[in-house]
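S.K.: need a 3D model of the sequence below.
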Amino acid sequence: MDKKYILLILIFIVLLGLSLIFYKSQDLQRTYKAEVLEGISRDKSSGNPIISQNDIKHLPTPVQKYLTYVGVMGKQKVHNFKITFDGQMKMDQKKGWINVNTEQHNFVANPTRMFYIEGNMLGIPMLGLDSYKNGKGNMLIKLGGLFTVANALGPEMDSGAAVTLFNDMCLMAPSTLIDPRIQWESVDALTAKASFNDNGCIVSAVLYFNTLGELTNFSTDDRYMTVGKTYQKVRWSTPVRDYKDYNGLKLPSYGEGVWHLPEGDFCYAQFKVKEIEYNCKGL
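M.R.: Prediction:
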């Protein structure tokens, strides 16, 4: 066979291999999009009723003040929402920050959270999908979208993912706090306790407010930190600040994820909110 044709065949094989590798590297993103589209098709909410004073009258006073401050009164009830962030994360206290871009989509009626993340580790793309669906949590991270470096599953992840979804509701979709699956307990003028029950998976948190009515922190004991191949129950909080207007609502534009360890606090995530959309009809 002519060397020219052999070279062409080799080039074709290499290009085909590269194309297959690239296609495979996008598996997590395809999974994320498929889950979001499935959630949207499953979301059968008919219309979007308006939130009234009657909807919030059972809530503790600081929660009522919070919902009034952010501007949900007279707005449509939320059944799904999409958030995009820029930020940085630490995989370990001794390691540096990794710049990340994230997109997530949450569904309320059938509690679901799909959090897709893109970053870079040692010059190699890092892709992740942090999910909660049907009461099950999973954190899947792949280098280059190909090599699995983390695949966390189990009851600890279920609890942690459920409370993270509840955290999203409190911070990014406050109108969902009228949900009957949330049980509230008054503490004082600036504090309230809440528990969220997703078909028997019950998680709890303490919410802290300032005198303006802003939610400033969310703290829970229902998350687990990965330590080697085991899980360690550690208090987790998400202090937020810098409220800005997003589609007619005043919401925090900056937040952190903090583990409260015996040896001191470990801030492992810092996020800035880019966009928030409610009651999405598509990707």
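
S.K.: C-alpha only now, for contacts and for neighbours.
M.R.: Noted.

S.K.: wouldn't Ser204 be in contact with Asp222 here?
M.R.: Yes - counting by C-alpha atoms under 8 Å, Ser204 touches Asp222, with 6.8 Å between them.

S.K.: need the overlap of contacts for the two.
M.R.: Val163 (C-alpha atoms under 8 Å, 6 or more residues apart in numbering).

S.K.: so Tyr69, which state does it fall into?
M.R.: At Tyr69, secondary structure determined by DSSP: H, G, I helix; E, B strand; the rest coil is helix.

S.K.: and for the one 5 residues further on?
M.R.: Judged by three-state DSSP, the three-state class of Gly74 is coil.

S.K.: ramachandran angles for it?
M.R.: In terms of degrees, to the nearest 10, the main-chain angles of Gly74 are phi 80, psi 0.

S.K.: how close does Asn54 get to Val36?
M.R.: Distance, Asn54 to Val36, by C-alpha to C-alpha, to the nearest Å: 32 Å.

S.K.: and if you look at Lys193?
M.R.: Lys193 is 31 Å from Val36, by C-alpha to C-alpha.

S.K.: just want to know which of the two has more residues nearby.
M.R.: The residue with more neighbours, out of Lys193 and Val36, is Val36; 22 against 19, by other C-alpha atoms under 10 Å.

S.K.: and the more buried one, what does it touch?
M.R.: Neighbouring residues of Val36 by C-alpha under 8 Å, 6+ apart: His105, Met114, Leu283.

S.K.: from those residues, which would you call buried?
M.R.: Those of the contacts of Val36 that meet the buried threshold are His105, Met114, by 16 or more other C-alpha atoms under 10 Å.

S.K.: go through the contacts of Val36 and name the one nearest Asn99.
M.R.: Distance ranking of the contacts of Val36 against Asn99, using C-alpha to C-alpha, places Met114 first at 19.5 Å.

S.K.: surely the closest one meets Thr84?
M.R.: No - using C-alpha under 8 Å, Met114 is not in contact with Thr84; the gap is 11.8 Å.

S.K.: now the common contact residues for those two.
M.R.: Gln104.

S.K.: phi, psi of the nearest residue to Asn217 once chain neighbours are set aside?
M.R.: Distances taken as C-alpha to C-alpha, 6 or more residues apart in numbering put Pro239 closest to Asn217, at 4.3 Å, once the chain neighbours are dropped. Backbone torsions for Pro239, taken as degrees, to the nearest 10, come to phi -60, psi 140.

S.K.: Lys281 too?
M.R.: phi -100, psi -10.

S.K.: before we move on, what about Asn210?
M.R.: Backbone torsions for Asn210, taken as degrees, to the nearest 10, come to phi -100, psi -180.

S.K.: need the pLDDT of Met139.
M.R.: Note on Met139: pLDDT of 89.

S.K.: what about it, distance to Met225?
M.R.: In terms of C-alpha to C-alpha, Met139 sits 12 Å off from Met225.

S.K.: please apply the same query to Lys94.
M.R.: 16 Å.

S.K.: repeat for Phe271
M.R.: Per C-alpha to C-alpha, Phe271 is found 19 Å from Met225.

S.K.: and what of Lys281?
M.R.: Lys281 sits 35 Å away from Met225, going by C-alpha to C-alpha.
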